[in-house]
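Visitor: Following is a predicted model, sequence given first.
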Amino acid sequence: MLRTLTLLASFAAALATLAQTTYTQTLPTIEGSTLSNWRTFTFTGTTPTTGDGELSFQWRACWQDVFGGSSKVWVELETGPGTYTQVYYQTGNTSDCVSVNANTTISASVLGAALNVGGGSINGRTKVQDCCYPGVGCAFYNDPQVLGLTLTYDTHAANFTAADASVCPGGTVQFTDASINSPSTYEWQFPGGVPASSPLQDPVVQYNTPGTYDVTLIVETNDGPDTLVVPDFVTVHDLPLANAG
């Protein structure tokens, strides 16, 4: 199966030199009456990181004082298959149809889990609860609204994929460079592999002994050097026992 390099939880334990490359993406406005229920969104083309992320946006909702309450907004990220983690919640808004600024820091552990499950994307969902009678809304807006939902974080320039990183003894793994910022040089390290290192962009490596093996990719880009260490990326399985019967 295609194994795309994303940020695993164990990345946090890996020491990596991070070139100052920034991932940022702003999504189109999410709006309309269906936003009172969960609406999904996706940040695409996400790349590995070992740090926190920043999420910022504005939101707008109808409010009427007759309810005596306040409007609310939720944002969650998918951190496991079908599992969501809340990264932002705000209540107490009594502004009628006025955009409200919102921002929050996403912890490295939550961001890493979202990167891992998304396989190159980060998936999430959001909803807004207003305080108006059904059918009553803002005169000039398709409310409620979540506007300019933006994710920003420092990211690795180094990145790679492998078509199949789970092999039997003697099997080979084809590594494919997926780095950004046009690297000028490559230095791969393959403990347990043959060869144990390579300067090629897309090397093929043989693994002869059962176990799990780290992979390191070091690239040089216009932003400087970047080192990405992925623990236990390659798995070499034991050979099955022969059936004497």
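Guide: Ah, there it is.
Visitor: Buried residues in the longest strand seen in the chain, which are they?
Guide: The single longest strand within the chain, with elements called by DSSP state E, is strand 224-236. Judged by neighbour count using 16 or more other Cβ atoms under 10 Å, the buried positions of strand 224-236 are 225, 226, 227, 228, 229, 230, 233, 234, 236. For the C-beta atoms, the positions are set from N, CA and C on the backbone; glycine is no exception.
Visitor: need the contact list for the residue nearest to residue 129 when sequence neighbours are not counted.
Guide: Spatial nearest neighbour of residue 129, excluding adjacent residues (Cβ to Cβ, 6 or more residues apart in numbering): residue 72 at 4.5 Å. Residue 72 sits next to 89, 90, 91, 93, 128, 129 when contact means Cβ atoms under 8 Å, 6 or more residues apart in numbering.
Visitor: which stretches of the chain aren't confidently modelled?
Guide: Within the chain, the stretches with pLDDT under 70 are 1-20, 66-68, 134-135, 242-245.
Visitor: rewinding a little: give me the distance between the residue nearest to residue 129 and residue 60.
Guide: Going from residue 72 to residue 60 by Cβ to Cβ, to the nearest Å gives 13 Å.
Visitor: What residues sit buried inside stretch 97-117?
Guide: Within stretch 97-117, the residues that count as buried by 16+ other Cβ under 10 Å are 97, 102, 106, 108, 110, 111, 112, 113, 114, 115, 116, 117.
Visitor: Leaving out sequence neighbours, find the closest residue to the first one.
Guide: Translated: residue 97. Spatial nearest neighbour of residue 97, excluding adjacent residues (Cβ to Cβ, 6+ apart): residue 138 at 3.7 Å.
Visitor: cool, the fifth one as well?
Guide: Taking Cβ to Cβ, 6+ apart, and ignoring the residues beside it in sequence, residue 110 has residue 85 as its nearest neighbour in space, at 5.4 Å.
Visitor: just checking, what packs against the helix or strand where that neighbour lies?
Guide: Residue 85 is part of strand 83-93, with elements assigned from DSSP states H and E. Applying 3 or more Cβ pairs under 8 Å, 6 or more residues apart in numbering; DSSP states H and E, we find strand 83-93 packed against strand 53-60, strand 71-80, strand 100-106, helix 108-118, strand 121-129.
Visitor: Buried residues, that strand. List them.
Guide: Buried positions in strand 83-93, judged by neighbour count with 16+ other Cβ under 10 Å: 84, 85, 87, 88, 90, 93.
Visitor: Now for the residue nearest to the last one when sequence neighbours are not counted: which residues touch it?
Guide: The shortest distance from residue 93 to any non-neighbouring residue, by Cβ to Cβ, 6+ apart, is to residue 71 (4.5 Å). Counting by Cβ under 8 Å, 6+ apart, residue 71 makes contact with 61, 62, 63, 91, 93, 94, 128, 129, 130, 131, 144.
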